[in-house]
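# Here is a sequence with its predicted model. Questions after.
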Amino acid sequence: MIKDSKALLVEIEESVRKRAILPAKKSISEYLKREHHRIDARIIASDFYRRISDPCSALKVLGSEEERDPKLRFQLSRILNSLGGSHYAMRILSSFHLEDLAAHRIPAVEIFLSNYHYCKAFELMKNVSLRPDSSYSERSELISKAAILQGLGKTQEAVELVDELLAVSSEPLIRAVLFQAKGAYLILNGDFVRAGESLLESESLFSPHDKTLERSHLDKWLGAFFIFKREPEKARKYLNRSWKILYKPGYKPEEWLEVLYWKGRLTLLQKKEFPEEWVRINAYPQPPKSRILQWIRSEMLLPHAMTFGEEKILRQLRTRHLDLESKIRFRKTHIQYDLNLSEHLISRLIIAGKYGMPLFRLSETLWPDELFSFQSNLKRLEQMVIRARKEEKFKIRWKDLQLYSNGNKEWSCFWSENKRITGALFLDEHPEFLRADVERFFRLSPRRALQVCESWKNASVIEQVGRTKSARYQKLINQAIVKNDE
């Protein structure tokens, strides 16, 4: 019997609900053929693919970034964002005018919120208010407005809006989400007594065996609450429950990075030492406005530089040490000037450690100025992985949409917030030098060494004394060699 599109959608929904992946994919493909790949059908299909954890098919059915239809581009942005491609998603949104964003307010606000662009999200939500006849979906949307207000530092307004929504909402799920949101805002505002009341009220509305995203977010904030109550065992139980749901390899890492932050805070409570979790978070590539980094930096002075590696060996003794501050590599026989893309890939995987990094976050980190095509960047990334494995013997585990470094104990990486000019380590050790010194230090040809000296001169890092081949160079003040990547 030939099924019509409506029957196919019902069938797909049932397969997705039961996690019957192969039948779902077959029905989705049949549905697309039946609908002749219309735009609306492609969007629906992409969302089904997303729900069965097949984002590659979701992106494929949407097409390329050159698609002109706004609905397709919004859906593309939404899925890229969910996969950790924050910069890709924001780049696509930046191509829309405000009126276009307003026409697709819900997905636009979702993306802005997840990347901490509260002002842009507020522009789309400032005129949205609670009405006596507001529907369930409209009230759910207003929870996003409360989150925006809290992100803008207007905690009191956010809590008042949540209270208004609670007064007109009787559905258990929306009330549970509202109490959880209120508790989170109060924790961030330091009102732990009221926060605990709200969070425990939210917990009473969930089943003890609930494993939904809503419940996992509640567990995260209950873990935070019990940290402040100095009940570490309860805090650990809730944070571990939350981690099991929110840690999704290949997807946007900010969800689980927040849990990792609270795990770090628990480490700080129990061991009274700077948490290793915070060290990883601080160096992990994130959106520039990350609230997780703001939380850490409001707690204590962070180390401005860190060495990542599995062994406690001085970096000078390592045979495979990468320095991201000066963009150099320590080898057995010499120090290498500049890092290639494979080495940048390796350094990021060392920093990520056992947590790994989503392909899309790694891709936009390696090519931050080339966000015009995520498809071509992923193909390039695949070549980088092959090269790192073959030429550097660096072990990389590629699982689904996530990369991990495993068993590379001889490798280490030095990371610093202050990115300096390439080869700055040489200048630290040689306040005055000849071109020949640069040749020997980095094992460069005379011509390449001269190019390096010229690049330092153009960056106002050194000055040249004399015009001959034996001209001397002098380093200028230390502050001149510090460059901000931003």
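Done, it's in. Predicted model only: the values in this text are computed from it and were never measured.

# Check which residues of the helix or strand hosting Ile143 are buried.
Element membership of Ile143 [criterion: DSSP states H and E] is helix 136-151. Going by neighbour count (16 or more other C-beta atoms under 10 Å), the buried part of helix 136-151 is 139-151. From N, CA and C alone the C-beta is placed, and that goes for glycine too.

# try stretch 206-225
Neighbour-count burial for stretch 206-225, counted by 16+ other C-beta under 10 Å, picks out 206, 214-225.

# thinking again about what came up before, what does the helix holding Ile143 contact?
106, 109-110, 113, 116, 118, 121-122, 125, 128-131, 134, 155, 157-159, 161-162, 165, 168-169, 171, 174, 177-178, 181, 184-185, 188, 291 (C-beta atoms under 8 Å, 6 or more residues apart in numbering).

# ok, residues contacting the helix or strand following that helix?
Elements were assigned by DSSP H and E; along the chain past helix 136-151, the next helix or strand is helix 155-168. Residues outside helix 155-168 that contact it (C-beta under 8 Å, 6+ apart): 130, 132, 134, 139, 142-143, 145-147, 149-150, 174-175, 178-179, 181-182, 185-186, 188-189.

# What's the first helix or strand after the helix or strand that contains Trp243?
Assignment of secondary structure by DSSP H and E places Trp243 within helix 232-246. Along the chain past helix 232-246, the next helix or strand (assigned with DSSP H and E) turns out to be helix 254-271.

# quick one: which of the contacts of helix 136-151 sit in helices?
The helices, defined by DSSP state H, take in 106, 109-110, 113, 118, 121-122, 125, 155, 157-159, 161-162, 165, 168, 174, 177-178, 181, 184-185, 188, 291 from the contacts of helix 136-151.

# quick one on the thing from earlier: using neighbour counts, pick out the buried residues of the helix holding Trp243.
Buried positions in helix 232-246, judged by neighbour count with 16+ other C-beta under 10 Å: Ala235, Arg236, Tyr238, Leu239, Arg241, Ser242, Trp243, Ile245, Leu246.

# Mind listing residues that contact the worst-scoring helix or strand of the chain on mean pLDDT?
Lowest on mean pLDDT, DSSP states H and E among the helices and strands of the chain sits strand 305-309, with a mean of 84. By C-beta under 8 Å, 6+ apart, the residues outside strand 305-309 that reach it are 279, 282-283, 315, 318, 321, 325, 350-351, 353, 409, 411-418.

# From those residues, list the buried ones, please.
Of the members of those, the ones counted as buried by neighbours, 16+ other C-beta under 10 Å, are 279, 282-283, 318, 321, 325, 350-351, 353, 411-416.

# from these, which single one is nearest Ala424?
Of all these, Glu325 has the smallest distance to Ala424: 7.3 Å, by C-beta to C-beta.

# where does Ile480 land on pLDDT?
Residue 480: Ala, not Ile. According to the predicted model, the pLDDT of Ala480 comes to 43.

# Downstream of the least confident helix or strand of the chain, the next helix or strand is which one?
By DSSP H and E, the next helix or strand past strand 305-309 is strand 320-323.

# Just give me how far that following strand sits from the chain centre.
Relative to the chain's own centre, strand 320-323 is displaced by 24 Å; criterion: C-alpha atoms, centre = their mean, to the nearest Å.

# Does anything pack onto that strand? Which helices or strands?
Secondary-structure packing of strand 320-323 (3 or more C-beta pairs under 8 Å, 6 or more residues apart in numbering; DSSP states H and E): strand 328-330, helix 341-352, strand 411-416.

# Let's see that with 6 Å instead.
strand 411-416 (3 or more C-beta pairs under 6 Å, 6 or more residues apart in numbering; DSSP states H and E).

# got the buried residues for the next helix-or-strand element following the strand it packs on?
The first helix or strand that comes after strand 411-416 along the chain, using DSSP H and E, is helix 424-429. Neighbour counts over helix 424-429 (16+ other C-beta under 10 Å) mark Ala424, Leu425, Phe426, Leu427 as buried.

# Just the local confidence number for the first one, please.
It stands for Ala424. Predicted confidence (pLDDT) at Ala424: the value is 92.

# from now on call the first residue 344
Taking 344 as the first residue, the last one we looked at is Ala767.

# where's it relative to Val804, distance?
Summarising the geometry, the distance separating Ala767 from Val804, computed by C-beta to C-beta, to the nearest Å, is 8 Å.

# now the third one
Relative to Val804, Phe769 is positioned 11 Å away (C-beta to C-beta).

# go on, His647?
Look at His647 and Val804: by C-beta to C-beta, they are 20 Å apart.

# Compare those two (neighbour count), which wins?
Ranked by neighbour count (other C-beta atoms under 10 Å), His647 and Val804 place Val804 first, with 23 against 11.

# List phi and psi for the more buried one.
Reported as degrees, to the nearest 10, the phi and psi values for Val804 are phi -100, psi -30.

# on that earlier part again, neighbouring strands for the least confident helix or strand of the chain, and are they parallel or not?
Strands that pair with strand 648-652, judged by DSSP bridges, come out as strand 754-759 (antiparallel).
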